[in-house]
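**Student:** Need a 3D model of the following:
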Amino acid sequence: MVEHTVKSYDRELDTLERRIAEMGGIAEKMVIEAMDALANADTVLAHQVVATDLRLDALQREIEDMTVMTIARRQPVANDLRELIGAIRIAGDLERVGDLAKNIAKRTVKVGSEARVPRAIIGLKHMNEVATELLKDVLDAYAQRDEARAREVWERDIDLDALEDSVFRDLLTHMMEDPRNISFCAHLLFCSKNIERIGDHATNIAETVVYLVTGEPMRTERPRGHMEADDDFDAAGDDV
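**Tutor:** Presented below is the predicted three-dimensional model:
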């Protein structure tokens, strides 16, 4: 980041970056804990994840307010304006990641004491590990303004889409094997879609990082899995 003659300006930009780093840490933790709660039928942890989302929402509002005030006071151009626009974009994506993790936690509470199929969660856990890794790597790319790493995350999202296809087929198989599995596996289908959407938000952040570094948007269409191309799921809505 370029240093300015007005040191208070640098402090404002540094504060924004720290708030985004805090949001990123919270969002990562929520994603991990939401899956732990689902895998272990831990409703106490699930409620904690839901409660944590309030902090993420508050940070997003703080970042938006700080950014608007900085734009009004400093009237930035070029690199500085991109930094501020990028902060708003990334904060919005991280807030959505928190919402998606919260959805998974809410599903855990809804499942409650229903008949569980432990082997049905294995694929979901793998998906969640990949999504968490994408999120971590793209946040590192943002902190380091690493265009190459951001592009790598962007390209790897197709792997998560492929995993979602596999999980979808596995869950359908479990439901056909035994009708008693239908309710539990239906909840897992929603969870798998939430995890896939977390990957989408990681790619959004990757696109923002490339924009910050180069000043140009990524012009190549994002890689998409087969199911995602035909999916009508509302990425912005609550699934529970």
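**Student:** and after the host helix or strand of residue 106, which helix or strand comes next?
**Tutor:** Using DSSP states H and E, residue 106 sits in helix 78-111. Counting by DSSP H and E, the next helix or strand C-terminal to helix 78-111 is helix 122-144.
**Student:** Run through the helices of the protein in chain order.
**Tutor:** Taking DSSP state H as the criterion, the chain contains helices spanning 7-40, 43-74, 78-111, 122-144, 147-177, 182-214, 226-229.
**Student:** Where does pLDDT dip in the protein?
**Tutor:** When residues are selected by pLDDT under 70, those of the chain lie in 1-6, 113, 115, 222-240.
**Student:** Return the distance of the residue nearest to residue 198 when sequence neighbours are not counted relative to residue 216.
**Tutor:** Spatial nearest neighbour of residue 198, excluding adjacent residues (CB to CB, 6 or more residues apart in numbering): residue 131 at 4.5 Å. In this view, the C-beta of every residue, glycine as well, is placed from N, C-alpha and C. Distance from residue 131 to residue 216, counting by CB to CB, to the nearest Å: 27 Å.
**Student:** And residue 53, by the same measure?
**Tutor:** From residue 53 to residue 216 the distance is 34 Å (CB to CB).
**Student:** between these two, which one's more packed in?
**Tutor:** Between residue 53 and residue 216, counting by other CB atoms under 10 Å, residue 53 is the more crowded of the two (20 against 8).
**Student:** So that one sits against residue 31, correct?
**Tutor:** No - in this structure residue 53 lies outside contact range of residue 31 using CB atoms under 8 Å: 11.6 Å.
**Student:** Quickly list what's touching both of those two.
**Tutor:** Common neighbours of residue 53 and residue 31 are listed as residue 101 (criterion: CB atoms under 8 Å, 6 or more residues apart in numbering).
**Student:** residues making contact with stretch 11-18?
**Tutor:** Defining contact as CB under 8 Å, 6+ apart, one finds that stretch 11-18 is touched by 1, 63, 66-67, 70, 74, 80, 83-84, 87, 143.
**Student:** And the residue lying closest to residue 183 once chain neighbours are set aside, how close does it get to residue 23?
**Tutor:** Counting by CB to CB, 6+ apart, residue 183 lies nearest to residue 114, which is 5.6 Å off, once chain neighbours are set aside. Residue 114 sits at a distance of 33 Å from residue 23 (criterion: CB to CB).
**Student:** neighbour-wise, which of those two wins?
**Tutor:** Each of residue 114 and residue 23 has its neighbours counted (other CB under 10 Å); residue 23 has more, 26 against 13.
**Student:** For the more buried one, give me its contacts.
**Tutor:** Contacts of residue 23 (CB under 8 Å, 6+ apart): 56, 59-60, 63, 91, 94-95.
**Student:** 6 Å instead, please
**Tutor:** Residue 23 sits next to 59, 94 when contact means CB atoms under 6 Å, 6 or more residues apart in numbering.
**Student:** What of residue 198?
**Tutor:** By CB under 6 Å, 6+ apart, the neighbours of residue 198 are 97, 100, 131.
**Student:** rewinding a little: please name every helix or strand in contact with the helix holding residue 106.
**Tutor:** Applying 3 or more CB pairs under 6 Å, 6 or more residues apart in numbering; DSSP states H and E, one finds that helix 78-111 contacts helix 7-40, helix 43-74, helix 182-214.
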